[in-house]
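A.B. asks: just coords:
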């Protein structure tokens, strides 16, 4: 009995056969595109926010941290431009209150009433210019001696620490102190200097100086009708000071994690942050030049205004330089762990050097024992742990600088060198007996 012929099976339709696979490919492609775009957007946003975060931290520290503020403005007390401006302002204040011509005229009239001939009395009146010059010289000498003394620096520091309002008031319009802000004008009070000069003039025997009334002279440092807008911006930045840096780090980390090539994404993020800070640093240079070229007539000392500008922005510039150096170093590190020819050559040279040192140590009885074997086995995780530890130290470092970055990099290189040497001794210890080649994979670099 013959079996019926098998019915030929119909070939699957292209639509039914390709739908699941084609749909999967489309979904996979769409997912990759979405992930790539999201990563790019997050990285670009983080690079933009890095310099803005630096600005917010600077405003926050200067405005709210008393110690940081005092540390910022303390050098101004011994700045030659500020000292010269304070001395000249004190001399001007005394000259307004002491009229040499009137004084010599009164003396001449009194002497004439006592029988002095009119010709001699007129000669006494002619001494007014010499008297005025002598008073100016005495006032300047006494004022300079005071502003160059430790008393002026102590007074400056105590006044700013007690009020903590110089920069606070300049940026927010709140508070009072040696520096005041009113209707777009930033002023520095030198009334205390005038009072000290007055007292020392009297002590020196110049009794007419006792008639100088109490004054509260101020030195105009900055005047702008845009100060209200600057204060509003400073307030907004101050509010963001605590949160924007954290948000920026999270956005950058998310962008790197979403990237298909994370090492490249890390390098691009670091370089982007460095470029952003470099742009801000260049903008500060341009802003300084524009500011000094457009000082109003009320500013008595261009040098003092420049000193104020440079002092207030000193820590901001340091932070910008620190971020730039850090970004370049991170990008360079990401490149050196990559698959390029130069990175492989550098790592290969380092590994061969470590192997040579390990073999030399072995021939001289130096043996790390199980420590080297354990280090070789878990080298990847040890390196990662060291990187995370140094990153944590940098994050917790109070106001890091370029020197801080370079110090941590040197520490990292030294620790990695020790780890590499220990791993080399571990590889030498597990090498096959008889001087054969090391076990396969022993010289693979954990990237």
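C.D. replies: Received the coordinates, thanks. Predicted model only: the values in this text are computed from it and were never measured.

A.B. asks: so for residue 266, what's the pLDDT?
C.D. replies: What the model reports for residue 266 is a pLDDT of 92.

A.B. asks: cool, residue 59 as well?
C.D. replies: Listed pLDDT for residue 59 reads 78.

A.B. asks: do residue 102 as well
C.D. replies: At residue 102, pLDDT is 63.

A.B. asks: also residue 192?
C.D. replies: 59.

A.B. asks: number the residues from 134 up from this point.
C.D. replies: I'll keep to 134 as the first residue from here, and by that count the last item is residue 325.

A.B. asks: pLDDT below threshold where in the stretch 334-483 of the chain?
C.D. replies: Regions of the stretch 334-483 of the chain meeting the criterion pLDDT under 70 cover residues 334-335, 337-364, 366-368, 370-371, 431-433.

A.B. asks: show me the helices in it, by range?
C.D. replies: Along the stretch 334-483 of the chain, the segments classed as helices by DSSP state H, counting those that start in this stretch run 360-373, 377-391, 395-426, 435-445, 447-469, 474-496.

A.B. asks: mean neighbour count added to these, as a markdown table?
C.D. replies: Heads up, the C-betas are built off the backbone N, CA and C, glycines and all. Listed next are these as a markdown table, based on neighbours: other C-beta atoms under 10 Å:
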| stretch | mean neighbour count |
| --- | --- |
| helix 360-373 | 16 |
| helix 377-391 | 18 |
| helix 395-426 | 17 |
| helix 435-445 | 18 |
| helix 447-469 | 19 |
| helix 474-496 | 14 |
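
A.B. asks: tabulate those helices (JSON lines), appending distance to residue 537.
C.D. replies: Below are the helices of the stretch 334-483 of the chain laid out as JSON lines (distance: least, C-beta to C-beta, whole Å):
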{"stretch": "helix 360-373", "distance to residue 537": "24"}
{"stretch": "helix 377-391", "distance to residue 537": "16"}
{"stretch": "helix 395-426", "distance to residue 537": "16"}
{"stretch": "helix 435-445", "distance to residue 537": "21"}
{"stretch": "helix 447-469", "distance to residue 537": "7"}
{"stretch": "helix 474-496", "distance to residue 537": "25"}
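
A.B. asks: between those helices, which gets nearest to residue 528?
C.D. replies: Residue 528 sits nearest to helix 377-391 of all the helices of the stretch 334-483 of the chain, at 8.6 Å, using C-beta to C-beta.

A.B. asks: could you find the closest non-adjacent residue to residue 392?
C.D. replies: In this structure, residue 392 finds its nearest non-sequential neighbour in residue 398, 3.4 Å apart by C-beta to C-beta, 6 or more residues apart in numbering.

A.B. asks: what sits against the one you found?
C.D. replies: Contacts of residue 398 were listed using C-beta atoms under 8 Å, 6 or more residues apart in numbering, and they are 172, 176, 388, 389, 392.

A.B. asks: so which of the helices of the stretch 334-483 of the chain is nearest residue 201?
C.D. replies: helix 447-469 (7.6 Å).

A.B. asks: the closest residue in space to residue 483 that isn't next to it in sequence is in what secondary structure piece?
C.D. replies: Once flanking residues are discounted, residue 483 sits nearest to residue 553: 6.3 Å by C-beta to C-beta, 6+ apart. According to DSSP states H and E, residue 553 maps onto helix 535-562.

A.B. asks: model confidence over that helix, on average?
C.D. replies: Across helix 535-562, the average pLDDT comes to 89.

A.B. asks: packing partners for it?
C.D. replies: helix 447-469, helix 474-496, helix 503-510, helix 512-529 (3 or more C-beta pairs under 8 Å, 6 or more residues apart in numbering; DSSP states H and E).

A.B. asks: run through who's touching stretch 443-455.
C.D. replies: For stretch 443-455, contacts defined as C-beta under 8 Å, 6+ apart pick out 184, 187-188, 190-191, 194-195, 201, 205-206, 208-209, 212, 300, 410-411, 413-414, 417, 421, 532-535, 537-538.

A.B. asks: try 7 Å
C.D. replies: Contacts with stretch 443-455, where a contact means C-beta atoms under 7 Å, 6 or more residues apart in numbering, come from 187, 191, 205-206, 208-209, 300, 410, 413-414, 417, 533-535, 538.

A.B. asks: what do you get for stretch 544-552?
C.D. replies: With C-beta under 7 Å, 6+ apart as the test, stretch 544-552 has contacts from 508, 512, 515, 516, 519, 523.

A.B. asks: how much space separates the first one from residue 519?
C.D. replies: According to C-beta to C-beta, to the nearest Å, residue 508 stands 12 Å off from residue 519.

A.B. asks: and the two? Which one has more around it.
C.D. replies: It is residue 508, of residue 508 and residue 519, that has more neighbours when counted by other C-beta atoms under 10 Å, with 21 against 16.

A.B. asks: does the more buried one touch residue 558 like I think?
C.D. replies: No - using C-beta atoms under 7 Å, residue 508 makes no contact with residue 558, being 8.1 Å away.

A.B. asks: what's around the residue nearest to residue 483, how many residues?
C.D. replies: Neighbour tally, residue 553, other C-beta under 10 Å: 22.

A.B. asks: please apply the same query to residue 280.
C.D. replies: Residue 280: 25 surrounding residues under other C-beta under 10 Å.

A.B. asks: repeat for residue 187
C.D. replies: The number of residues packed near residue 187 is 23, by other C-beta under 10 Å.

A.B. asks: was I right about it contacting residue 456?
C.D. replies: Yes - the criterion here is C-beta under 7 Å, and residue 187 meets it with residue 456 at 6.2 Å.

A.B. asks: common neighbours of these two, please.
C.D. replies: Joint contacts of residue 187 and residue 456 (C-beta under 7 Å, 6+ apart) are residue 410.

A.B. asks: nearest residue to residue 508 in space, please, no chain neighbours.
C.D. replies: Using C-beta to C-beta, 6+ apart and skipping residues adjacent in sequence, the residue nearest residue 508 is residue 555, 4.0 Å away.

A.B. asks: ok, now which ones touch the one you found?
C.D. replies: Contacts of residue 555 (C-beta under 7 Å, 6+ apart): 501, 504, 505, 508.

A.B. asks: my read is that residue 179 contacts residue 386, right?
C.D. replies: No - Residue 179 lies out of contact with residue 386 (C-beta under 7 Å); the separation is 8.4 Å.

A.B. asks: picking up where we left off before, between the helices of the stretch 334-483 of the chain, which one is closest to residue 219.
C.D. replies: Nearest to residue 219, of all the helices of the stretch 334-483 of the chain, is helix 435-445, at 8.4 Å by C-beta to C-beta.
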